[in-house]
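Visitor: Below is the sequence, then the predicted model.
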Amino acid sequence: MNSVKKVPMRKCVGCGEMKNKREMMRVLKTSDEDFVIDTTGKKNGRGAYLCFSKECFDKAVKGKGLERSFKHAIPKEVYEKLAKELESLEA
C-alpha cells in the first residue's frame, strides 16, 4: 500500500511538451491586466507555462501561444519585459 504522490504536469505554450510543473516558469496575468513571471507558482491570476529556454519563449511569441492562453492580445512591450526577465532568470 505505497501511496505514490501525483506529480502535477503542465503543457508549455511554446513547444507543446508536457513537463513537471516545477521545471517550468509561469507567466501570470494579474487582475489589473499586467503580465509578470510568477517565480513561486502560487500567485493569484491566470497562468500559462513556458520552459526555461529562449527557444520556447520565441516559439510562444511567434505562434501566439500566450495570447491564446490568456484569450487577450498582448502588447509588444510586455513581450520585451518578459524576455528581459527570462534572461535574468537564465543568468
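Guide: Looks like it came in fine. Because the structure is predicted, anything quoted here is derived from the model rather than measured.

Visitor: contacting residues around V7?
Guide: For V7, the contact set (CB atoms under 8 Å, 6 or more residues apart in numbering) comprises 20-21. C-beta: built from backbone N, CA, C; applies to glycine.

Visitor: before we move on, what SS does it have?
Guide: coil (DSSP: H, G, I helix; E, B strand; the rest coil).

Visitor: mind starting the numbering at 873 from now?
Guide: Will do, 873 is the new start, and the previous item becomes V879.

Visitor: Tell me where this structure has helices.
Guide: 926-934, 937-942, 948-962 (DSSP state H).

Visitor: Of all residues in this protein, which one is nearest the centre?
Guide: Centroid-nearest residue in the chain: Y921, 3.0 Å away (criterion: CA atoms, centre = their mean).

Visitor: Do I have it right that N916 meets R898?
Guide: No - if you go by CB atoms under 8 Å, N916 and R898 don't touch, sitting 11.8 Å apart.

Visitor: neighbour count winner among these two?
Guide: The residue with more neighbours, out of N916 and R898, is R898; 19 against 9, by other CB atoms under 10 Å.
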